[in-house]
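Novice: Sequence unavailable; structure follows:
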């Protein structure tokens, strides 16, 4: 083993000595075609109304759908329309685990609105924004919600037009609990840029595809 190693070192040294006695090889001249310079004025920067990122970095609550006239603000929605990291994590079953996951996922902020229609129908919409310095968490969040929604029994789903992978769902079997009216549900998940959208409707009557789809499309148009 030692002899083999010495042979490699000796051969390398011999190569260096031979190269040292030679004239350096000239390199070919560098060349590149002359680049033509564009003429005319540079395009004007996008206005705040056209630049989606300007809107997304502003007051996130302004991108939420407005509460319809004649409806009542849901009493469980924060009065200022914001959910901090702890409040958002509390909406999940394993809030402690979710809290840590949201830190890893670069949670930035969440805006929420909700209203009641009559005495039995409720609507809630959330916009969750991520920093996305390391990964595309808005897309991952939407995909994760869709993964679990797809596994619910008695559920139909449809793509939300103009959203890529956005999907709306309607549950046909109501949730039942002793002493309470049966509750039907519908939900929708989509994302645009660094913002994930979550939407739920609950009612004591079956919810139509057109109802959940209309809200989901109008909310995503605001993004």
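Specialist: Cool, got the structure. Quantities reported herein were computed from a predicted structural model and do not represent experimental measurements.
Novice: can you tell me which helix or strand the residue most central in space within the chain belongs to?
Specialist: Geometric centre of the chain, nearest residue: residue 138, 1.4 Å, by C-alpha atoms, centre = their mean. In this structure, residue 138 sits in helix 137-149 according to DSSP states H and E.
Novice: Now do that helix, average pLDDT.
Specialist: In this model, helix 137-149 carries a mean pLDDT of 94.
Novice: Quick one: residues in contact with it.
Specialist: Outside of helix 137-149, the residues within contact range by C-beta atoms under 8 Å, 6 or more residues apart in numbering are 105-107, 128-130, 132, 155, 157, 165-167, 169, 187, 189-198. Placement of C-beta: from N, CA and C, glycine included.
Novice: re earlier: for the residue nearest to the centre of the chain, give its distance to residue 127.
Specialist: With distances taken as C-beta to C-beta, to the nearest Å, residue 138 is found 10 Å from residue 127.
Novice: Report the set of residues contacting both of the two.
Specialist: With contacts defined as C-beta under 8 Å, 6+ apart, the residues shared by residue 138 and residue 127 are 195-196.
Novice: Count the neighbours of residue 152 for me.
Specialist: 13 (other C-beta atoms under 10 Å).
Novice: confidence score at it?
Specialist: 92.
Novice: Now do the contacts for it.
Specialist: Applying C-beta under 8 Å, 6+ apart, the residues contacting residue 152 are 169, 171.
Novice: Could you confirm it falls within a strand?
Specialist: No: assigned with DSSP: H, G, I helix; E, B strand; the rest coil, residue 152 falls outside any strand and is coil.
Novice: Start at 13, not 1
Specialist: Okay, residue one is now 13; in that scheme the one you just asked about reads as residue 164.
Novice: How much space separates it from residue 103?
Specialist: Remark: distance between residue 164 and residue 103 (C-beta to C-beta) = 18 Å.
Novice: quick one: pLDDT of residue 201?
Specialist: The model reports residue 201 with a pLDDT of 98.
Novice: In which helix or strand does it reside?
Specialist: Using DSSP H and E, residue 201 sits within strand 196-204.
Novice: For that strand, name the packing helices and strands.
Specialist: The criterion is 3 or more C-beta pairs under 8 Å, 6 or more residues apart in numbering; DSSP states H and E, and the helices and strands that strand 196-204 contacts are helix 149-161, strand 179-183, strand 207-215, helix 221-233.
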